[in-house]
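Trainee: give me a model of this one.
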Amino acid sequence: MLGCENAWIAAGSLMVSIKNEGSIKIADSQIDEALNRTRRQAIGGYCGLTGVCGIAPAIGACFSIILGAACPKDRETSITMKVVGKIVNVIADETGPCCCKNFVRTALAEAIKLTDQYLNVQLPISDEIPLCTHVERHPHGCRKDKCRYYTV
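Mentor: Residues are numbered from 1 along each chain as shown. Next comes the predicted model:
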């Protein structure tokens, strides 16, 4: 229900989706690198301790790898940071209490917009929002009707 494996799901899903779309060549080694970078930054409990959910650096790692971002670079690093900032903001709008399943869905929906904006890659997204079936499993209590994925 909660945990950093959700960040790995986000990074892996985004990288494989971009690879499958085909406009940008993504090697398996780049997918592995996104997962390794995510593992180093997605640490349990840090969402509450530092204010950064591991899903944000996971999405950032994807953009960083694709763009070749690095400290001495300009545009590539700027875009990556803007992406992470947007992801943090959309996740922040979904807190109270935190729900990693919501965060993955919300972050990937935003990442799809950002891949179009910054990478010129159009990924499909369904107009139908899949409803959550994990309400009773949430250890901190579900946000219920405050969550866009909640079902009665």
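Trainee: all helices of this structure, in order?
Mentor: Listed in chain order, the helices of the chain (DSSP state H) span 5-21, 28-41, 46-50, 55-67, 75-92, 100-119.
Trainee: show the average pLDDT along the longest one.
Mentor: Meaning helix 100-119. Averaged across helix 100-119, pLDDT comes to 96.
Trainee: by mean pLDDT, show me the worst of the helices of the chain.
Mentor: helix 46-50 (a mean of 85).
Trainee: what about the residue lying closest to residue 77 once chain neighbours are set aside, distance to residue 132?
Mentor: Excluding the flanking residues, the one nearest residue 77 by CB to CB, 6 or more residues apart in numbering is residue 69, at 4.4 Å. (Each C-beta comes from the backbone N, C-alpha and C, glycine too.) Going from residue 69 to residue 132 by CB to CB, to the nearest Å gives 33 Å.
Trainee: residue 1: what's it in contact with?
Mentor: 99, 100, 101, 134, 137, 138, 139 (CB atoms under 8 Å, 6 or more residues apart in numbering).
Trainee: right, I mislabeled it, should have said residue 15
Mentor: So, once contact is read as CB under 8 Å, 6+ apart, residue 15 ends up touching 26, 30, 31, 34, 62, 65.
Trainee: ok, it to residue 145 distance?
Mentor: For residue 15, the distance to residue 145 (CB to CB) stands at 33 Å.
Trainee: and residue 128, by the same measure?
Mentor: 19 Å.
Trainee: residue 22 now?
Mentor: 40 Å.
Trainee: now do the buried residues in stretch 87-105.
Mentor: Buried residues in stretch 87-105, counted by 16 or more other CB atoms under 10 Å: 87-88, 90-91, 94, 98-105.
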